[in-house]
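Asker: compute the structure for the input listed below.
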Amino acid sequence: MEILETKRLRLRPWSMDDIESFYRLCAGPDIGPAAGWKPHESLEESQGILEKWISGEGGPDTIFAMEEKETGSLVGSIGLHRDVVRHENPRCRMVGYWVGKDYWGRGYATEAVNAVLDYAFQRLRVLLVSVDHYTNNEGSRRVIEKCGFTYEGTLRRSLKGYDGTYRNACFYSMTAAQYRLLRAKAAGLSLALPEDVAKGDFLSYHHEWGGDGPRLTPSAMALKGRSYEQWLRDVITMRTNPPAGLVSSTTYFFVDRAGRVLGAVDFRHELNDYLLHYAGHIGYGIRPSCRGKGLAPYMLALCLEKAKERGLSRALVTCSDTNLASAATIEACGGELENKVEENGRLTRRYWIEL
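Answerer: Modelled structure (predicted):
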């Protein structure tokens, strides 16, 4: 089990050395009932629960002790569990957490949830993380909303409490694409239209690929014998009035907070027969000097947001069967492989991403 570090917390495996602090936190009347379990009535009860967590008894749950770095004090717990609704899908997890009352109001739960989301989506490569809270647990609701989860709905009498009663609960989720989108925006990454990027920046990007050669990706960025000015007019025209045989599309540059061009992406608004079989809705490329920094999933997630805004419910993204880096990018955004198709001896992977 890994140790996760945040600015103020260390999320580490539980130890039997934690037993006294664990019991002290869990014996209070305010934590357990809000999370669905009864306050611990004895040190022996806490010991039995902690032993199960440490041994892994009961399934593939990953449960971290939440420790304050500065003091070494135990402040709470956070875990990734089997999703109670999507339990048959091994790539879906549910996050659960609690923080001792003495540590409420410090933002520790939000900090810990974000760290566990990074772990779930980047290390475990899950497709979705869910979370829920009883309808009267406003503190948990605020944590969930701060972390960027999407509200799915309120289910009446859906969760059984330790006292045997069923209570109403609010359910939320976050997909892999949503996670990447949130992290992209937090880092100041965005998509810019070509007319909002300086000519010199475009030419630098174009030159770095070696000009109009087979390496340049996406191909919409190729001049193909045109002047820059004509290329710009053409890519703008493609948004609403494409040439016969082509579909409308929008080309974007992928830029950082300072406006530096990191890559480019071409979003096709619909699919014709060729795009459906081989090329998909989105073509993208990180410029050579910016590769190896894990940027591509963030660029793809930003483009998926554009696709959703245009009304698409899912997007098709493809790559060469041998392009393992691109396949990893698509899968990092929740892409699920439908099949592989052959064209002129070249095998292409076809992924769908739900929006």
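
Asker: mind listing the helices for the protein?
Answerer: Applying DSSP state H to the chain gives helices spanning 19-26, 32-35, 43-55, 108-118, 138-147, 176-186, 199-208, 228-237, 273-274, 296-309, 324-332.

Asker: for the ones you listed, which has the smallest mean pLDDT value?
Answerer: Ranked by mean pLDDT, these bottom out at helix 32-35, with a mean of 89.

Asker: using PDB, write out every CA atom in that one.
Answerer: The C-alpha trace of helix 32-35 is given here as PDB (Å, rounded to 0.1, in the frame of the first residue of the first chain):
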ATOM      1  CA  GLY A  32     -20.000   7.700  13.200                       C
ATOM      2  CA  PRO A  33     -23.700   8.500  12.900                       C
ATOM      3  CA  ALA A  34     -23.000  11.100  10.200                       C
ATOM      4  CA  ALA A  35     -21.100   8.400   8.200                       C
END
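
Asker: use 492 as the first number for this chain going forward.
Answerer: Understood, numbering begins at 492; the last thing we discussed is helix 523-526.

Asker: what comes up buried for that helix?
Answerer: Gly523, Ala525, Ala526 (16 or more other C-beta atoms under 10 Å). C-beta: built from backbone N, CA, C; applies to glycine.

Asker: same thing with stretch 507-527?
Answerer: 509-510, 512-514, 516-518, 522-523, 525-527.

Asker: if we can go back for a sec, could I get the helices of the chain as JSON lines with distance to Ile773?
Answerer: As requested, the helices of the chain are exported to JSON lines (distance: least, C-beta to C-beta, whole Å):
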{"stretch": "helix 510-517", "distance to Ile773": "47"}
{"stretch": "helix 523-526", "distance to Ile773": "41"}
{"stretch": "helix 534-546", "distance to Ile773": "42"}
{"stretch": "helix 599-609", "distance to Ile773": "24"}
{"stretch": "helix 629-638", "distance to Ile773": "27"}
{"stretch": "helix 667-677", "distance to Ile773": "12"}
{"stretch": "helix 690-699", "distance to Ile773": "18"}
{"stretch": "helix 719-728", "distance to Ile773": "15"}
{"stretch": "helix 764-765", "distance to Ile773": "15"}
{"stretch": "helix 787-800", "distance to Ile773": "5"}
{"stretch": "helix 815-823", "distance to Ile773": "9"}
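
Asker: looking at those, spot the one closest to Asp654.
Answerer: helix 523-526 (8.6 Å; C-beta to C-beta).

Asker: my guess is Ser739 contacts Thr728, does it?
Answerer: No: with contact defined as C-beta atoms under 8 Å, Ser739 does not count as touching Thr728 (9.4 Å).

Asker: hmm, back to that, of the buried residues of stretch 507-527, which is the nearest to Ile494?
Answerer: Asp509 (14.3 Å).

Asker: test my guess that that closest one contacts Glu542.
Answerer: No: between Asp509 and Glu542 there is no contact, the gap being 11.5 Å when judged by C-beta under 8 Å.

Asker: which strands and helices lie in contact with the lowest-mean-pLDDT helix or strand in the chain?
Answerer: Scoring the helices and strands of the chain by mean pLDDT, DSSP states H and E places helix 523-526 at the bottom, with a mean of 89. Taking 3 or more C-beta pairs under 8 Å, 6 or more residues apart in numbering; DSSP states H and E as contact, the helices and strands that helix 523-526 lies on are strand 583-590.

Asker: for Arg751, give me its contacts.
Answerer: Neighbouring residues of Arg751 by C-beta atoms under 8 Å, 6 or more residues apart in numbering: Asp692.

Asker: what does the pLDDT read for Pro551?
Answerer: 63.

Asker: quick one on the thing from earlier: and the least confident helix or strand of the chain, how far out from the chain's middle?
Answerer: 28 Å (C-alpha atoms, centre = their mean, to the nearest Å).

Asker: I would like the residues contacting it, please.
Answerer: Cys517, Lys529, Pro530, His531, Gly587, Trp589, Tyr625, Asn628, Gly630, Ser631, Gly652, Tyr653.

Asker: export those residues to CSV and tack on distance to Arg778?
Answerer: CSV is the format used below for these (distance: C-beta to C-beta, whole Å):
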residue, distance to Arg778
Cys517, 52
Lys529, 57
Pro530, 56
His531, 56
Gly587, 41
Trp589, 45
Tyr625, 48
Asn628, 46
Gly630, 44
Ser631, 42
Gly652, 54
Tyr653, 55
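
Asker: out of these, which is nearest to Ser568?
Answerer: Trp589 (5.8 Å).

Asker: from Ala792, how far off is the closest one?
Answerer: 30 Å (C-beta to C-beta, to the nearest Å).

Asker: and Arg841, by the same measure?
Answerer: In terms of C-beta to C-beta, Arg841 sits 19 Å off from Ala792.

Asker: which one of the contacts of helix 523-526 is nearest Trp700?
Answerer: Nearest member of the contacts of helix 523-526 to Trp700, counting by C-beta to C-beta, is Gly587, at 46.7 Å.

Asker: picking up where we left off before, so among the contacts of helix 523-526, which ones count as buried?
Answerer: The buried subset of those - by 16+ other C-beta under 10 Å - is Cys517, His531, Gly587, Trp589, Tyr625, Asn628, Ser631.

Asker: turn those residues into CSV, including distance to Gln721.
Answerer: Below are the buried ones among the contacts of helix 523-526 laid out as CSV (distance: C-beta to C-beta, whole Å):
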residue, distance to Gln721
Cys517, 69
His531, 73
Gly587, 57
Trp589, 61
Tyr625, 61
Asn628, 59
Ser631, 56
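
Asker: much appreciated, bye for now.
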